[in-house]
Structure formats: structure tokens, C-alpha cells
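Asks: Task: produce atomic coordinates for the following.
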Amino acid sequence: MDFSGYMPLTIGRGIRCSATADRDKLALVDSAGRQRSYSELAARMDAVGRLSAEHSLGKGDVVALIAPNCIEYAEIVVGLSERGVVVATLNPALSPDELSRIFDDCRPRLVIAAASVELPADGPVAIRLGDEFESALANAQEECDFPELDERETFAIAYTSGTTGAPKGVLLSHRSRCLMFSAMASEYGCFGRDDHFLALAPMCHGAGLAFALAPLYNGGRCTLQYSFEPEALLSALERFAPSGIFVVPTHLHRLFSAPADVLERYRGRHSLRTIISNAAALSPSLKQAAVDYFGTGLLHETYGSTEAGIVTNIRPASLLHKPRSVGPAFANMEIELRKDNGEPAGAGQPGELFCRSPFSFNGYLNRPDETRAALVNGWVTVGDIAVADNEGYVTITDRKKDMVVTGGMNVYPREIETVIEGLSGVVECAVVGVPDEEWGERLHAFVVARPDADVTHDGIVDLCRAKLAAYKVPKELAFIDALPRNAAGKLIKRELKTLAARAAAD
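Replies: Numbers count the residues shown, from 1 in each chain. Got it, this is the predicted structure:
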């Protein structure tokens, strides 16, 4: 018999403790006006548990949840995970063929999907959100048990966004999320019981789910905002008065591309104490724009991955002093930068970033070889290349797999992108390698410039020649309206490689 008095860490326990402490406190609100108190949220989680029992779901079974952000999302994920049922959170934008391939991978016994999602014809039993889901909850009478859970077991499968290939199922444990949520409350100062967080990012992705569940786990309030349009977002900041918000660079790009009169109308009409940016690097100009508009002391830039959790965070005080850095290691996080031979990289030297912490994933579903490549003796790597200064501040320089070999020389595109993004009028840039008979690969740059900016092809090439070695100067350059990104805000370089290949063929 265990006399320790220790209870396993689960998100459901955190929410139920808050429901016991303050039953009538608002837990969830959405921009459509629906809301749940903590007691209502706990009751809905109970109903989801009964529904899973009606379908004979037990510990280790998988349910696929396919929906845009909605107030039911949290109660489904947490209600199922309390019974040991694993939830695969899938992007509602996926096609039936893409969903079918993922179903083959995770083998869900039940699908819960929004009415707008087109499902494979031969998929598992499905329940549609809305009247069908509500009826199923109301009619679920089967008593359900709550099995003893090992906090290290998987509670959710977050499929990677597949920017470089087929999505992989990232296995996330109860323990990793709970410990990370507690660290987030300490680091960001906007996930406590008295805080109110505005969730924008898709909950089907690891970060979007984490930033929506963290306020609930810690006893605060979460509001789900359904529109990313600049005026709708600014209006929500005024109307809901959140203390914190999570954004990806795409949100800020869209925001500061809004008409000047809209931005001026809402200037200063917010109660934010914390803005957290993640998913891709913020350019120095975008950081400065956010600080100028929202004020100093708010913006954090965080680096992390679904596999590793939050790895680094640069706080507002250092944000503009080290404009390319994503900060030092996050709480309870160890970082090592390693050269190709495995030796540690010195200050200023590029190396592959390895990290270890209690936030790490359990591996990839059905992919033992890729799990072994990503989990090396307890250290996690997703193939990012970084440098650290002598104070331990990390700058992500590139993806290892994005490295271009041209004329026998290794080139990291991020170095070139940084130079081009330093040119006034350039919003952002991406550089890819294109197959070339003479060079092996040649460099192709894609540039997004402000419509009113005087940015020219020759001006960019001259800048690169002045700042970079000759072999790093792009052989080709194209101006485009926007870089292709997925729903999580991550750049999809394979689409740029396709564009570059088509241009070469014309």
C-alpha cells in the first residue's frame, strides 16, 4: 500500500481542484458569448467520461478530435484523458485522404468532428459537434470509472504540422504538460488564478492546446477568440480585457498591416501585461513595432517545439537589446549546442540544439527510428541549428535539414535571411536551395516587402554582396505577397522550393 499521499499529475485534477475552490468562477468564455463556470466545466467533463463509457472506450484507446477552436475542445480533451483515453488533436483543414492516413497511424475508435469537416467515407464511428454531440452527452448514462493513471502515460497525440514531410504523432504525457503549465505561470505572469488569457492559436497544434489549457489548469480564465482579423482582435482585447495573449508572427504581421486609422482607434485600449510570441522568429522590426504599439515590458519571444515543450524565453527587458535571440533556457530546461562530431559548440559557434527537461515528449507514434533520432540519451533534438553568446542567450540560425550545400560549401539560409530582413522596407524573407547541375544547389530568395517601400532586386543583391561571402549571395530572387505558412504560423519551405522549381522550368 502506498502511504505517500501523492496523487499523479493530470490536467483534470487541476481543473477539479479549481472547481472545488470556486465553483461559480468563470473558466471558459468564447467570442460567441458562450461560457462555462468551473463547476459546469467539471460537469461537462463527467458527461464526456460517460459518453466514452457508452462507446466502451478504455485506457489507451484513441479518439480523434477534429475541430476548429471551440468551447467544447477543452472539456473533450480533458474529460477523455481523465479516463486514460488518448486524444489525437487533428487539423480540421486536412483533406479526407490526409485524415485517412492519420487514422491508419493512430487507429481511433471514435471520431468527434465539427460539422464542417469532411471525413473519410470508411472512417471510424463519428459524432458531430453541435446537436448530435449534445444529444449524445445528454443520453450517456453509463457509469464510468476513473482508472489510476501513470502521469508519464500519454494523454494526447499532437500531430506535427508536416512542414517538411508527413505529419508525425507526438506523444505527450500528463506529467510533461502539468509541469510545463506550472512553469509557464511562473515565467510569464499571466497564468495565475486572477489572470485571464486570450487564446488565438489553433488548439489542434501543441502550442495552441497548451496555451489554452494552462490558464484552466492553474485556475484562471481562458477566452477563445475565433477571428484573427486585426480589428476583431483589437476589439477583443478591449472587450474581454485579457491579461495575456499568445500570438504567432503571422498575427502580428496581419495586425500591423491593418489600416492606420484602425490601429490608432484601438491604441492603448487593452489591459495586457504579457504578450507571448512563438512558432517562428520575429524580425527585429516586428518586435519594435509590437513594443511601440502595445508598450514596453510586455513582449516575450519563446522558442520551443511540440516534442520538447518550451525551450527558451527572452523576457521583455532583453528583447530589444538582443533582437535576434530567443533568450536563455526556460525554467527546468538544460540546453547543449553540439557540433557535427558531438563536441560542445563554443560561444558564437553554430551547433545542433539539444535539450532536456520534464516537458519532453514520449516519442513518436509508430516511428521507433525517428524517436531514436530525436531522443538521444534523454536529450531531445528537432534538428535546429543555433548559436549562444557568452551569456547563454540562444539565437536559432536554421534548421539542420534546411542547410544548403552549394559548390561544396555549407550555407545556413537563416544567415542570409537575417541580412535581407535588415533592409528597410523588407517585411520578411525566406531562402531555399534548388537543385543545380553546376553547384549542386543554388540559393533562391523569396522576399516580402511593404507595398510602399522602395525595395529593389539590385538593392538586395548589393546588400548581400556587401555583407556575405560570394557563395552565400542568392542566385535568384523573387518578390511575393506573403510567405506560405501553416495554421500554426510555421513557414512551409517545401512550397517555396516548388515555386522556385517552377520558375526555373519556365
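Asks: List of residues touching stretch 465-484?
Replies: 253, 406-407, 409, 411, 415-416, 419, 428, 430-431, 434, 436, 439, 442-449, 455, 457, 460-461, 464, 491-492, 495-496, 499-500, 503-504 (CB atoms under 8 Å, 6 or more residues apart in numbering). For the C-beta atoms, the positions are set from N, CA and C on the backbone; glycine is no exception.
Asks: Filter the residues you listed down to the ones in strands?
Replies: Among these, DSSP state E puts 406, 409, 411, 428, 430-431, 434, 436, 442-449 in strands.
Asks: Can you turn the buried part of the contacts of stretch 465-484 into a PyMOL selection?
Replies: Here is the PyMOL command that picks out the buried ones among the contacts of stretch 465-484, judged by 16 or more other CB atoms under 10 Å:
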select buried, resi 253+406+411+415+416+419+428+430+431+434+439+442+443+444+445+446+447+448+449+455+460+461+464+491+492+495+496+499+500
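Asks: show me where pLDDT drops low in this protein?
Replies: 1-4, 161-166, 407-408, 410, 437-438, 487-488 (pLDDT under 70).
Asks: ok, now with 50
Replies: 1, 162-164 (pLDDT under 50).
Asks: most centrally placed residue in it?
Replies: The centre of the chain sits closest to A207, judged by CA atoms, centre = their mean, with a distance of 3.4 Å.
Asks: what about that one, which SS state?
Replies: Three-state assignment for A207 (DSSP: H, G, I helix; E, B strand; the rest coil): helix.
Asks: and it, what does it touch?
Replies: Applying CB under 8 Å, 6+ apart, the residues contacting A207 are A201, F246, N278, A279, G304, T306, A488.
Asks: With secondary structure added, can I get the residues you listed in a markdown table?
Replies: Formatted as a markdown table, the contacts of A207 follow (three-state DSSP):
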| residue | secondary structure |
| --- | --- |
| A201 | coil |
| F246 | strand |
| N278 | coil |
| A279 | coil |
| G304 | strand |
| T306 | coil |
| A488 | coil |
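Asks: Can you say which two of those are spatially most distant?
Replies: Among these, the pair separated by the greatest distance (CB to CB) is F246 and T306, at 14.7 Å.
Asks: Between the two, point out the one with more neighbours.
Replies: F246 (26 against 20; other CB atoms under 10 Å).
Asks: Bridged to the more buried one, which residues?
Replies: I276 (DSSP bridges).
Asks: count of residues packed around P259?
Replies: Count around P259 with other CB under 10 Å applied: 10.
Asks: Next up, phi/psi of it, please.
Replies: phi -60, psi 140 (degrees, to the nearest 10).
Asks: Report all helices and strands that the one helix or strand L286 maps to contacts.
Replies: For L286, the host element (DSSP states H and E) is helix 284-294. In terms of contacts (3 or more CB pairs under 8 Å, 6 or more residues apart in numbering; DSSP states H and E), helix 284-294 is packed against helix 249-255, strand 274-277, strand 299-305.
Asks: Quick one: closest of those to L213.
Replies: Once the helices and strands packed on helix 284-294 are compared by CB to CB, strand 274-277 is nearest, at 14.5 Å.
Asks: Flag every buried residue along the closest one.
Replies: By neighbour count on 16+ other CB under 10 Å, the buried set for strand 274-277 is T274, I275, I276, S277.
Asks: Do a quick rundown of the helices in the stretch 351-500 of the chain.
Replies: Remark: helices assigned in the stretch 351-500 of the chain by DSSP state H, counting those that start in this stretch are 368-374, 413-421, 457-467, 493-505.
Asks: Dump the shortest one to CSV, restricted to CA.
Replies: It refers to helix 368-374. Coordinates of each C-alpha in helix 368-374 appear next as CSV, following Å, rounded to 0.1, in the frame of the first residue of the first chain:
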residue,chain,number,x,y,z
PRO,A,368,10.9,4.0,-33.5
ASP,A,369,13.7,5.0,-35.8
GLU,A,370,12.6,8.7,-35.8
THR,A,371,12.1,8.5,-32.0
ARG,A,372,15.7,7.3,-31.5
ALA,A,373,16.9,10.1,-33.7
ALA,A,374,15.0,12.8,-31.7
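Asks: I'm done for today, thanks for sticking with me.
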